[in-house]
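J.: using only what follows, build the 3D model:
(chains A and B, ligands or ions: 4)
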Amino acid sequence: MADKKKLGAYICKGCGISERLDIDELAKIAKSDGKVAIAKQHDFLCNSDGVKMIQADIDAGEVSHIVIAACSRRAKTDAFRFDNVAIARTNLREGVIWVRPDTEDAKETTQEMAEDYIRMGCAEVKFMTLPSASGEQGRVDHVLVVGGGFTGLTAALEIAKAGYLATIVEKTGALGGTAAQLYKRTPVRSPFADPQDNGIADLIQQIESNDKITVHLNATVSKTEGAPGRFNADISPDIGTKTFGSIIQASGFTPYDATQLPEFSYGKTPDVVDQLGLEALAKEANGGAIKRPSDGKEVKNVVFVQCAGQRSEKEGHLSYCSGHCCMTSVKQAMYFKDANPTVDAMVIYTELRMPGAAGEDFYRNGQDKGVTFTKGIVSEVVSEAGKVSVKFKDLILNEEVDLESDLVVLATGMVANSGIDSEILLTEEDEKTEEKAEEKTEEKTIIPIVPAESILNLEYRQGPDLPQLVNGFTDSHFICFPYETRRTGIYAAGPVRRPMDMAQATEDATGAALKAIQALENAGIGRAAHPRSGDLSFPIFRKEGCTQCKRCTVECPFGAINEDEKGYPQFNEARCRRCGTCMGACPVRVISFENYSVETVGQAIKSVDMPDEFDEKPRLLVLACENDAYPALDMAGMTRREYSAFVRIIPVRCLGSVNTIWISDALNSGYDGIILMGCQKGDDYQCHFVKGSEMAHYRMSKIGDTLQQLQLETERVQTYEIAITDMERVPKIINDMAATIEKIGMNPFKF
Amino acid sequence: MSEQYRNNFLREVEANVEEGEWVKRCMQCGVCSGSCPLGPHWEHPPQELFMMIRAGKRDEVLKSSSMWMCTSCYNCIARCPRELPITHIMHGLAHYAERLGLAPKNQQTNKFAQRFWNNLSKTGRVNELKLTLSFYFMNGFMAGVKMSLNMQKVGLGMLLSKRLNPFEILGGHGCKDSKGLQAILKKAREIEDAKIAKFQG
Ligand code: SF4
Ligand code: SF4
Ligand code: SF4
Ligand code: SF4
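T.: Ligands and ions are numbered 1, 2, ... in the order given. Reported below is the predicted structural model:
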């Protein structure tokens, strides 16, 4: 194998590199230690001449594996994009000369740093192969949209407009969902003054007249299997199995059940309604005076109670803000004022949340129409002898008030229709297997607010529905990838993802539609969807060594791995995001990528020139997530923040891909300290692969025992959560580790 | 007449108080109260007054000494994010309370304001000498003598630099058509009274 690979190193002298480093020496090391056949230097490697030089060698068949020793792998990506060769980038600029002082004293250690990076680059590329698509892929230009409410309809229309087919599966007998129940919606255009038509009739008309869209009413998805590019969904009843390229789940929300708020008398009197109840009354009035349900008399005064059973830690209440209901109450108060300005409409709020410029304008317009706003907390709504009164505390005047009212409207919240929480299923299953012998475990206290019924019925080992994050909403990377759920090729849009109003749902539907199209296009040519969009590599699994421990199937954050009949993992390339978490999890290391493996990183770790114990030159290893930590390190260089010359940094796809063998290898080969830098984990995670950083932290928490067995100090291995903006913090972490090593002494395992 | 948290009083203020239609626009942020140099000494700072109006606390608002405390420094107007003309509303409320006879008696600002008005509306010009003297003696003869003695030096200085005309005491000058002015004022009062009457019923 190795003899077929032709290695070449190309070292750049530009950007001040040659003024600071001995380039001839680096070239020599590439040949002697790095075993490259060719080692060339160039004054400006990234200019057309330098690029031409490399391309000429590639075309002549001189090289198949190249090391580009120049700037960070994040810089000049266009110039250094070569087809059909494996490439490793060695970071001499941001990673060496920019983080070291230009002094005589520092010269030697800076040069050593550069030399090691050359060795590491050569070792890495030697163990790479050129990635190619698996051949598993299929292409289907058809998106399944689950849910025929406002979000689903908008998404389907966007998909059709972009030239693809869409099929809508709607559980009820009609399209339009909750939006169709609204008398009017909040305005979307300046001056944001009046409620406007809900637009649903027009939307349905567009859907029905579009020949790219198929609608199934009274239908559900009874089974989904496959992967992007080849999802097979059974549509019940009677429609049968259809194949789709990707899926959008727009299953919406269920209004919070207001009968759970006995303190507000909902259900005790018809004169206390929730917001949807008021929409029904407004529809009935159709612009005329709104009537009291109990006696049909015109409502002369109405009180809106904000945050009813929301933003509250009380049991059975929703802890979150549903986001739309403040706007909705203003809109509904306007229904009264527009019909009859002498009606008193008062909104009792604690914080009025009117998102966006539109919200603030709408609020002012509500005030101009004479809607009044009172900052207060409602404790009770009492219904007695046909009269309803609201008890509240006015927070500005600091007074308890008891106010009789014709009608009370409760702003209750949204509860996501996200199906069955797979995570709960999984833990239950684990408990079952682990504690079989034990007596019945205590009852679980988790009470789902909406009875869970699966929406997608996924035939995935990891559960039938999209994983949830908090409060029952589907999980997605909130900041960077809002629609990408943890099931590749399936996108969540609308209130199933987070509470939102119709304007936000429009954005969601459009975004998810584009993502669904991107996913099926990528799947068609065997490329990763996102965030490593375009990546051709995928996990290769060596069955012979597998012990069927199931760690990969459980730890894969994206449910990409099923199990075959014999209990072996079954990888679904198109469902995979290429994070490498499975590779990091595998205790027998049988999972790898063509261009990223236990070998490529392991060999790079071992390739450094390890000074002996008495040299007083410790070596620190940093494994840095390439998404946030590595850019932060680069930026530290760009802003010329210095850090220790003893450090050797290796970017990893995700901290989840770090296999503990790298840690023990590093300690065995004499590294004195190891730092792992990943993204923020937990409920407010920023990890691009959702669970990768968390897995890594978990695995590292177990490494303490190993260290103690080796009689090594636990401080030698540290794991950090790093944000992309941490350019000031990362040098400090490195320098602190250097200081720690100075204190506790060198690793005794140096050879 | 004005029920709690109904909008009757708010509507009354909108109709009868100068700039009163702005009250509903207040979003209760509290910046005005926090900006007012005299805020801590007010019974109800502006934000609270606006809330009280919306809560229908007619008597408490109109009988309050609060709005009489405003010095027209304009801090609040400069800062209100909702651009309410707060200063003007304060004076509007004070004026309205006085018209209804609800303003607190013996309130110093109110007393002086009344003297100023009487002085001005008579001839259409302010008679500074008379105004000053009426101000000095506003709280009784003894207090007036004391105040005059205190201000003696200033008065002499003004006399010497021709900033004060002692003959103004004999009547002083007025505007060209003070009869016309009286007619205008009378008419204005009638209009106001008619508006007020609407809300008295
Ligand atoms: S939008 Fe308003 S009413 Fe709804 S939960 Fe949030 S703050 Fe409360
Ligand atoms: S863990 Fe990551 S790399 Fe492995 S199968 Fe899952 S998505 Fe793919
Ligand atoms: S103008 Fe009047 S109310 Fe406004 S800050 Fe000044 S004194 Fe206070
Ligand atoms: S600053 Fe303006 S908006 Fe804020 S409380 Fe005062 S009047 Fe109201």
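J.: and the most far-flung residue of chain B relative to its centre, how far is that from B:Leu131?
T.: Most distant from the centre of chain B: B:Leu160, at 33.1 Å, with distances by Cα atoms, centre = their mean. B:Leu160 is 21 Å from B:Leu131, where distance means Cβ to Cβ, to the nearest Å. C-beta here means a position set from N, CA and C on the backbone, and glycine is covered the same way.
J.: now do A:Asn735
T.: A:Asn735 is 76 Å from B:Leu131, by Cβ to Cβ.
J.: likewise for A:Ala513?
T.: Taking Cβ to Cβ, one finds A:Ala513 at 75 Å from B:Leu131.
J.: repeat that for A:Leu623.
T.: Using Cβ to Cβ, A:Leu623 is found at 85 Å from B:Leu131.
J.: now do A:Leu157
T.: Taking Cβ to Cβ, one finds A:Leu157 at 75 Å from B:Leu131.
J.: between A:Ala513 and B:Leu131, who's got more neighbours?
T.: Between A:Ala513 and B:Leu131, A:Ala513 has the larger neighbour count (other Cβ atoms under 10 Å in any protein chain shown), namely 28 against 17.
J.: wait, that one sits on A:Ala155?
T.: Yes: counting by Cβ atoms under 8 Å, A:Ala155 is a contact partner of A:Ala513 at 4.7 Å.
J.: name the residues contacting each of those two.
T.: A:Ile248 (Cβ atoms under 8 Å, 6 or more residues apart in numbering or on different chains).
J.: domain parsing of the chain, as residue ranges.
T.: You didn't say which chain, so I picked chain A. A:1-130, A:142-252+A:417-525, A:258-413 (automatic domain parsing).
J.: chain B was what I was after
T.: Following automatic domain parsing, chain B resolves into domains at B:8-104, B:108-191.
J.: tell me which of those lies nearest to ligand 3.
T.: domain B:8-104 (3.2 Å; Cβ to the nearest ligand atom).
J.: quick one: distance of the closest one to the chain centre.
T.: Centroid separation for domain B:8-104 versus its chain: 12 Å, with Cα atoms, centre = their mean, to the nearest Å.
J.: what do you get for stretch A:347-365?
T.: So, by Cα atoms, centre = their mean, the centroid of stretch A:347-365 is 30 Å from its chain's centroid.
J.: same question, stretch B:104-114
T.: Centre-to-centre, stretch B:104-114 and its host chain are 9 Å apart (Cα atoms, centre = their mean).
J.: ok, now which ones touch the residue nearest to A:Ala529 when sequence neighbours are not counted?
T.: The shortest distance from A:Ala529 to any non-neighbouring residue, by Cβ to Cβ, 6 or more residues apart in numbering or on different chains, is to A:Ala519 (4.7 Å). A:Ala519 sits next to A:Pro228, A:Gly245, A:Ser246, A:Thr488, A:Gly489, A:Tyr491, A:Ala529, A:His530 when contact means Cβ under 8 Å, 6+ apart.
J.: for A:Ser537, see how far away the last one is.
T.: Think A:His530. 15 Å.
J.: what segments of the stretch 51-200 of chain A are helices?
T.: Counting by DSSP state H, counting those that start in this stretch, the stretch 51-200 of chain A has helices at residues A:104-126, A:150-161, A:200-208.
J.: what would those helices look like in JSON lines with mean pLDDT?
T.: Compiled in JSON lines, the helices of the stretch 51-200 of chain A are given as follows (pLDDT from 0 to 100):
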{"stretch": "helix A:104-126", "mean pLDDT": "96"}
{"stretch": "helix A:150-161", "mean pLDDT": "98"}
{"stretch": "helix A:200-208", "mean pLDDT": "97"}
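J.: nearest to B:Met142, of those?
T.: Proximity to B:Met142 (Cβ to Cβ) singles out helix A:150-161 among those, at 79.2 Å.
J.: in the closest one, what counts as buried?
T.: A:Phe150, A:Thr151, A:Gly152, A:Leu153, A:Thr154, A:Ala155, A:Ala156, A:Leu157, A:Glu158, A:Ile159, A:Ala160 (16 or more other Cβ atoms under 10 Å in any protein chain shown).
J.: angle of it against helix A:200-208?
T.: 40 degrees (axes from the mean of the first three to the mean of the last three Cα atoms, to 10 degrees).
J.: determine the set of other helices and strands touching helix A:150-161.
T.: strand A:142-146, strand A:165-169, helix A:200-208, strand A:213-216, helix A:502-524 (3 or more Cβ pairs under 8 Å, 6 or more residues apart in numbering or on different chains; DSSP states H and E).
J.: ok, now with 7 Å
T.: strand A:142-146, strand A:165-169, helix A:200-208, helix A:502-524 (3 or more Cβ pairs under 7 Å, 6 or more residues apart in numbering or on different chains; DSSP states H and E).
J.: average model confidence for the longest one?
T.: To tie it back to what came earlier, the one meant is helix A:502-524. For helix A:502-524, mean pLDDT rounds to 95.
J.: that helix vs ligand 1: in contact?
T.: No: contact of helix A:502-524 with ligand 1 (Cβ under 6 Å from any ligand atom) is absent, the minimum separation being 12.2 Å.
J.: next, the angle from that helix to strand A:165-169.
T.: Going by the same axes, to 10 degrees, helix A:502-524 makes 120 degrees with strand A:165-169.
J.: list the buried residues for helix A:502-524?
T.: Neighbour counts over helix A:502-524 (16+ other Cβ under 10 Å) mark A:502-506, A:508-524 as buried.
J.: sounds good, over and out.
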